[in-house]
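**Student:** Have a look at this fold, sequence not included:
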């Protein structure tokens, strides 16, 4: 029962093409996803900032029973990643097999296809992470 | 005003191919009303708990729908949706109003009808309980996030996965004689291990299965033997990866501390616990946040002959979410109905000795919202 949500993707595509966080101008706390109010000091003086593009794997799983949108792509790896600026996020991990995954593995940001809404629908892209071979 | 469970009712948890969502709800409600001896016209309000009706059944506006199906008209009818915590939250809302004396009799009914949809739709529907923008839209499922927590836990605490799996074994063991349970049969660690991964390293037998079911409570401030002595709810960071420690369920901790304070008791005074064991790992984290185990040691407790019906601190006395079943919006109501059955000595072969105080935890997603209800025998 997939329903195309073109406006949702259009509105959010900047997030998926280059995820951004916010930093509090008063206390320096960093957030991903972006927030309008700082949780630590209550300030509303927040500004956008570019997240680190590199980080490490804290944990991961293999999605074997996906939601309908991702049905064609399973199995795929989903990772909990800590970026070098200390923020965390969840993203798919590509270009690696499950048995090569390990805690602490260095990864870097990449832009990949998320899913196709339908045969003739829009193709959604998203941030994923791939092994950072430059640091090997 | 005190709040009593004057009556309860529930259907067996299974695939009810020939019953609609509202038929299941009516069956459970009539049982609760009849047990309480309260006439339908004396019900002041109906609160319906349902999590996924829009997605799985293409049905919304369930407050008025269930009220009409039951024949209760010209009264307030409302639906509560709070993901996996819908049932606990519906009870909490009724508790608040009865305490305040705004009503005398509130019928709380939880219902979920999951067999109308294909399994892929069920995984999609469950993912409504997690964030869309930063989780499900990039490929996350609830089960995969639980698996991520499981791996994090195994790695950080050097825990044995077998010990964590044992929670499913305990729950199934307690369900063997439970007539309303979805899976009233014992399993072993080997059964869990042999089941495929739902999301590595989490096995299919570590999570709940789709189910249909309805449960109802007639809550009243006039009389009863089973009293709800505390009810408390708390939320946490919606995306678990933003929490200071993703392995700590702050919403459970906050809700239970506030409930313990309301009831003027501590975890030592709780005789038995209905956990929200939507997966083995969540059950372990819940035991830690409820203060029954120190942080990082829940796996040892579970691996150590804990929780069966004859033990010192029984859990999931009719099988919990894993074995009694998890018809999501109804689950929190089943839990409290089962506690009432224990307190009223109506638990048949599952009856605990000297059960006076029971605690139910109703939780959504990865603990984005938790509700605690504590009951005591009058």
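**Tutor:** Right, received. Where do you want to start? Fair warning: this is a prediction, and the values are worked out from it, not measured in the lab.

**Student:** Mind checking what secondary structure the closest residue to residue A:69 other than its chain neighbours has?
**Tutor:** Nearest residue to residue A:69, sequence neighbours excluded (C-beta to C-beta, 6 or more residues apart in numbering or on different chains): residue A:115, at 4.9 Å. Heads up, the C-betas are built off the backbone N, CA and C, glycines and all. Local secondary structure at residue A:115 is given as strand here, using DSSP: H, G, I helix; E, B strand; the rest coil.

**Student:** and the residue of chain A found nearest chain B, how many residues sit next to it?
**Tutor:** Of all residues in chain A, residue A:61 sits closest to chain B, with a separation of 3.7 Å (C-beta to the nearest C-beta). Other residues near residue A:61 number 31, with proximity taken as other C-beta atoms under 10 Å in any protein chain shown.

**Student:** Measure how buried residue B:153 is and give me the count.
**Tutor:** Look at residue B:153: counted by other C-beta under 10 Å, it has 22 neighbours.

**Student:** do the same with residue A:95
**Tutor:** 14.

**Student:** For it, which residues are in contact?
**Tutor:** Taking C-beta atoms under 8 Å, 6 or more residues apart in numbering or on different chains, we find residue A:95 in contact with A:110, A:130, A:131.

**Student:** can you map out the helices along the stretch 1-150 of chain B?
**Tutor:** With DSSP state H, counting those that start in this stretch as the definition, the stretch 1-150 of chain B shows helices at residue ranges B:21-36, B:53-57, B:62-70, B:86-99, B:119-126, B:142-157.

**Student:** Among these, show me which one is buried the most.
**Tutor:** Mean neighbour count (mean count of other C-beta atoms under 10 Å in any protein chain shown) peaks for helix B:86-99 among these, with a mean of 25.

**Student:** do you know how far residue B:375 is from chain A?
**Tutor:** Between residue B:375 and chain A the distance is 35 Å, computed by C-beta to the nearest C-beta, to the nearest Å.

**Student:** name the element the closest residue to that residue other than its chain neighbours belongs to?
**Tutor:** Spatially, and ignoring its direct neighbours in sequence, residue B:375 is nearest to residue B:339 (4.8 Å; C-beta to C-beta, 6+ apart). Under the criterion DSSP states H and E, the helix or strand holding residue B:339 is helix B:328-343.

**Student:** Relative to the helix or strand just after that helix, what are the paired strands and their orientations?
**Tutor:** Sequence-wise, the next helix or strand downstream of helix B:328-343 (DSSP H and E) is strand B:357-364. In the sheet containing strand B:357-364, its partner strands are strand B:272-274 (parallel), strand B:369-377 (antiparallel), by DSSP bridges.

**Student:** returning to that earlier point: who does the residue nearest to residue A:69 form a beta bridge with?
**Tutor:** residue A:124.

**Student:** Tell me the buried residues in the lowest-mean-pLDDT helix or strand in chain A?
**Tutor:** In chain A, no helix or strand scores lower on mean pLDDT, DSSP states H and E than helix A:6-17, which sits at a mean of 88. When burial is assessed from 16 or more other C-beta atoms under 10 Å in any protein chain shown, helix A:6-17 yields the following buried residues: A:9, A:12, A:15, A:16.

**Student:** sorry, back to before: could you tell me how many residues sit around the residue nearest to residue B:375?
**Tutor:** When neighbours are defined as other C-beta under 10 Å, residue B:339 has 31 of them.

**Student:** ok, now which ones touch it?
**Tutor:** Contacts for residue B:339 were tallied using C-beta under 8 Å, 6+ apart; they are B:226, B:272, B:274, B:358, B:359, B:360, B:373, B:375.

**Student:** Okay, it and residue B:216: tell me how far apart.
**Tutor:** 14 Å (C-beta to C-beta, to the nearest Å).
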